[in-house]
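In: The sequence isn't on hand, but the structure is:
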């Protein structure tokens, strides 16, 4: 992961978590935000190696995706698999971006994802763009 990307993601997450904690302390009746705190916008990695290639035409912007940690993955101990609502694996969160979400998931935070854009005519590694965030 590039240092600039890491620092930007860290700052965004830290400020969101601090704001949320402050809101709960100062305003006990305040409700936590319903939306997820965004972490990154990225393509689904490895789409061409999983069931994702055949699922791309059926995906729509806004659809929820399921993220599942794979700490025993032989290629990447921080791996996070991405699944469609049907339960079929699309691919993975890109390795260059998975460290912070993996650490959040390992510490019990809910990390969520949804389809942001779909282009069935694009190259497999550019066909699905997803938004990843921490549930609020």
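Out: Looks like it arrived, so ask away. Since the structure is predicted, the reported quantities are computational estimates derived from the model, not experimental observations.

In: can you pull out the helices in the chain?
Out: Applying DSSP state H to the chain gives helices spanning 3-26, 52-55, 99-106.

In: partner residues bridging the nearest residue to residue 38 once chain neighbours are set aside?
Out: Distance criterion CB to CB, 6 or more residues apart in numbering; nearest residue to residue 38, sequence neighbours excluded, is residue 133 at 4.5 Å. Placement of C-beta: from N, CA and C, glycine included. Counting by DSSP bridges, residue 133 is bridged to residue 38, residue 112.

In: going forward can the numbers begin at 57, since that is how I track them
Out: Taking 57 as the first residue, the last one we looked at is residue 189.

In: chain center to stretch 132-149, what's the gap?
Out: In terms of CA atoms, centre = their mean, to the nearest Å, the centre of stretch 132-149 is set 10 Å apart from its chain centre.

In: Pull the residues that contact it.
Out: Stretch 132-149 is contacted by residues 98, 100-103, 105-108, 111, 115, 119-127, 129, 151, 154-155, 157-159, 161, 167, 169, 184, 186, 188 when judged by CB atoms under 8 Å, 6 or more residues apart in numbering.

In: Now restrict those to buried residues only.
Out: 98, 100-103, 106, 108, 111, 115, 121, 123, 125, 154-155, 157-158, 161, 167, 169, 184, 186, 188 (16 or more other CB atoms under 10 Å).

In: can you list the weak-confidence ranges in this structure?
Out: In the prediction, the chain carries residues with pLDDT under 70 at positions 57-90.

In: try it again with 80
Out: 57-92, 107-109, 192 (pLDDT under 80).

In: most centrally placed residue in it?
Out: Nearest to the mean C-alpha position of the chain, by CA atoms, centre = their mean, lies residue 188 at 2.8 Å.

In: mind checking how far residue 177 is from residue 100?
Out: Per CB to CB, to the nearest Å, residue 177 is found 16 Å from residue 100.

In: ok, the residue nearest to residue 94 to residue 167 distance?
Out: With CB to CB as the criterion, residue 189 and residue 167 are 7 Å apart.

In: Please apply the same query to residue 99.
Out: Computed as CB to CB, the residue 99 to residue 167 distance reads 17 Å.
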